[in-house]
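Student: Make a model of this:
(one chain, ligands or ions: 1)
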Amino acid sequence: MSDYDTVIIGGGPAGLSAAIHLAFHRHKVLVLDRRTGPLPFTLTPLYNVPGFTIQRGVDILKQLEMQAKGSGATLERGSVKGISGSVGAFRIELADGREYGAKTLLLATGVARHHPLVSGDYQPWLKYAAKGNTYYCPDCESPEMLGRDILVVAVGSAAGAISVSRPLLEFASRVRVLLTGDAQLTPEWEAKRAELGLEVIKGRISSVEGSKGIVKALLLEDGSQVSADGYYVDSPKLPRNELATQLGLELSPHGHIKTGWRGQVKRIGANDSDWLTGVWAAGDVQPQTQQVSIALGSGNIAAVMIDQYLQKTAPRRLGLHLEPTALHS
Ligand SMILES: Cc1cc2nc3c(=O)[nH]c(=O)nc-3n(C[C@H](O)[C@H](O)[C@H](O)COP(=O)(O)OP(=O)(O)OC[C@H]3O[C@@H](n4cnc5c(N)ncnc54)[C@H](O)[C@@H]3O)c2cc1C
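Tutor: Here you go, the predicted model:
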C-alpha cells in the first residue's frame with residue numbers, strides 16, 4: 001500500500017507548482033527537498049516572474065511553499081538517494097534512512113551550478129552568490145546591467161563566457177571576461193571575442209573584497225586586482241539526473257531528462273512516443289530554458305497529467321464522503 005499518491009522530488013518552483021495542483025485535487029502529495037536550489041539563497045529581486053511583482057527569490061519560494069502547504073501537500077526536508085519498485089508501488093529512500101511509498105513520481109530536481117573558486121574553495125563565494133551584485137542568469141537578468149561595468153567571471157569554458165557576454169553587451173557600458181580556470185580561447189572563439197570587442201583577463205581568484213553581499217573587488221593570485229559594478233558568473237549547469245539514471249530514463253546529450261511537452265519520460269531505447277507510466281519530470285532538469293515561470297508551468301502541466309493518470313487508475317468519489325474545505329467551497 002502506497003503512503004502517497006505522488007512523491008515529488010525537488011521543492012523548487014517546478015515541484016511546488018505541481019504540489020499545489022495535485023493537493024488541491026485532493027491527492028496525497030509529499031514534496032522532498034534538500035535545499036540546494038537557487039531560490040533559497042537568492043536575495044536579489046526577480047523582475048520577470050508573472051504574478052510576483054519584483055520579489056526576492058527567497059520570498060517567491062516561501063509563498064509557493066505556503067500555497068502548497070495550504071492546499072494540503074506535505075513538505076519535508078531530505079535528500080533522496082534511491083528509488084526502487086515500479087508504478088503503483090515506488091519506494092523512495094532518503095539519505096537519513098527514511099522511506100516513503102508512492103503510486104507516482106515527479107522528478108523536479110533542477111540543475112547544479114558551480115560557483116567561482118576562491119583560493120580553490122567555492123564556499124567564500126557563497127557570501128556573495130545572488131546577494132547583491134553577482135548574477136547568474138543572462139536570459140533573466142541582463143537588463144539589470146544597464147549602463148554598468150560588468151565582469152563575467154568564467155568558471156567553465158571560454159566559449160560559454162564569450163556567448164553569455166553577448167546579451168550583457170546589449171545593456172552594459174562595458175563587459176570584460178575573467179577566465180578563472182584553465183579554459184583557453186580557440187581561434188574560432190578568439191575571432192568572436194574580437195568581433196564583440198571583449199577584453200579577456202586570465203587569473204585565479206585568491207580573495208574577494210566586499211561586504212554585505214556586495215563584491216567590491218577580486219584579488220587575483222598574480223597580485224593584481226579587478227573590480228566592476230556587477231559580476232556575472234558563467235558556469236556549467238549540470239542537471240541533477242542521478243535518480244533518473246537509477247530509473248533507467250533517457251537523458252539528453254547534456255544530461256537533462258528527455259521529456260515530452262507534458263513532462264512524460266521514457267526508458268533508454270524506448271520508441272519516441274513510448275512514454276513510461278507513473279513517472280514525470282518538470283523544471284530545469286528538462287532540456288528547456290531555465291526560468292521560474294517555465295518551471296512553474298512545466299510543474300503544473302505534469303501535475304495535470306498525474307491527476308488524469310490517478311483518476312484512471314484509482315478513481316475516487318470524493319463528493320460522497322468528504323466535506324468541502326475553505327479551499328474547495
Ligand atoms: C542566482 C540565480 C538567479 C536567477 N534569477 C532568475 C530570475 O530573475 N528569473 C527567472 O525566471 N529565473 C531565474 N533563475 C532561474 C530559476 O531560479 C530556475 O529556473 C528555477 O529555480 C528552476 O526551478 P526548478 O524547480 O526546476 O529547480 P530548482 O529551483 O533548482 O529546485 C530543485 C530542487 O530539487 C532539490 N533536489 C535535487 N535533487 C534532490 C534529491 N535527490 N533529493 C531531494 N531534493 C533534491 C534541490 O535541492 C532543489 O531545491 C535564477 C537562477 C539563479 C541561480
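
Student: The ligand contacts on the protein?
Tutor: Proximity of the chain to the ligand, by CB under 6 Å from any ligand atom, involves residues 9-15, 32-39, 42, 46, 48-49, 79-80, 108-110, 113, 130, 136-137, 140-141, 240, 243, 283-284, 290-293, 295. Where you see a C-beta, it was placed from the backbone N, CA and C, and this is true even at glycine.

Student: what about the longest helix in this protein?
Tutor: helix 292-313 (DSSP state H).

Student: what residue ranges in the stretch 51-200 of the chain score low on pLDDT?
Tutor: Within the stretch 51-200 of the chain, not a single segment meets pLDDT under 70.

Student: just so I have it, where are all the strands in it?
Tutor: For the stretch 51-200 of the chain, the strands defined by DSSP state E, counting those that start in this stretch cover 55-56, 74-77, 80-86, 89-94, 99-107, 111-113, 134-135, 149-154, 174-179, 199-202.

Student: got a list of what L22 touches?
Tutor: D5, T6, V29, A73, A303, I306, D307 (CB atoms under 8 Å, 6 or more residues apart in numbering).

Student: Mind putting those residues into TSV with neighbour count?
Tutor: Listed next are these as TSV, based on neighbours: other CB atoms under 10 Å:
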residue	neighbour count
D5	23
T6	29
V29	30
A73	27
A303	29
I306	28
D307	20
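
Student: quick one: which of those is nearest to the ligand?
Tutor: A303 (12.7 Å; CB to the nearest ligand atom).

Student: pretty sure the closest one contacts L106?
Tutor: Yes. With contact defined as CB atoms under 8 Å, A303 reaches L106; the gap is 7.5 Å.

Student: what sits in contact with each of those two?
Tutor: With CB under 8 Å, 6+ apart, A303 and L106 have common neighbours A18.

Student: so of the residues of the chain next to the ligand, which ones are in helices?
Tutor: P13, A14, G15, C140, E141, L243, V292, S293, A295.

Student: Run a quick neighbour tally on the closest residue to the ligand within the stretch 201-329 of the chain.
Tutor: Residue of the stretch 201-329 of the chain nearest the ligand, by CB to the nearest ligand atom: G283 (2.2 Å). By the other CB atoms under 10 Å criterion, the neighbourhood of G283 contains 33 residues.

Student: Can you read off the pLDDT for it?
Tutor: Looking at G283, its pLDDT is 98.

Student: And for the one 4 residues further on?
Tutor: As summarised for this prediction, P287 has a pLDDT of 95.

Student: ditto for E323
Tutor: The per-residue pLDDT reported for E323 equals 79.

Student: Neighbours of it, how many?
Tutor: For E323, the neighbour count with other CB under 10 Å is 6.

Student: next one: phi and psi at it?
Tutor: With angles defined as degrees, to the nearest 10, E323 sits at phi -80, psi 150.

Student: Look up how far R26 lies from it.
Tutor: Distance of E323 to R26, computed by CB to CB, to the nearest Å: 12 Å.

Student: Domain map for the chain?
Tutor: If you go by automatic domain parsing, the domain ranges for the chain are 4-112+237-320, 115-234.

Student: Please indicate which of those has the most neighbours on average?
Tutor: A comparison of those by mean neighbour count, using mean count of other CB atoms under 10 Å, puts domain 4-112+237-320 on top with a mean of 19.

Student: where along the stretch 151-300 of the chain do the helices fall?
Tutor: Assigned helices in the stretch 151-300 of the chain, in chain order: 158-169, 187-196, 242-246, 292-313 (criterion: DSSP state H, counting those that start in this stretch).

Student: export these to a markdown table and tack on distance to G263?
Tutor: Shown next, in a markdown table, are the helices of the stretch 151-300 of the chain (distance: least, CB to CB, whole Å):
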| stretch | distance to G263 |
| --- | --- |
| helix 158-169 | 27 |
| helix 187-196 | 35 |
| helix 242-246 | 12 |
| helix 292-313 | 3 |
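
Student: Name whatever forms a beta bridge with the spatially closest residue to L169 that is not a sequence neighbour.
Tutor: Nearest residue to L169 in three dimensions, chain neighbours excluded: V175, at 5.3 Å (CB to CB, 6 or more residues apart in numbering). Beta bridges link V175 to I150, judged by DSSP bridges.

Student: Where does the stretch 51-200 of the chain get nearest to the ligand, which residue?
Tutor: For the stretch 51-200 of the chain, CB to the nearest ligand atom, closest residue to the ligand: G110, 2.4 Å.

Student: In contact with the closest residue to that residue other than its chain neighbours, which residues are there?
Tutor: Closest residue in space to G110, ignoring its immediate chain neighbours: D284 at 4.5 Å, by CB to CB, 6+ apart. Counting by CB under 8 Å, 6+ apart, D284 makes contact with G12, A14, G110, V111, K237, P239, Q290, A295.
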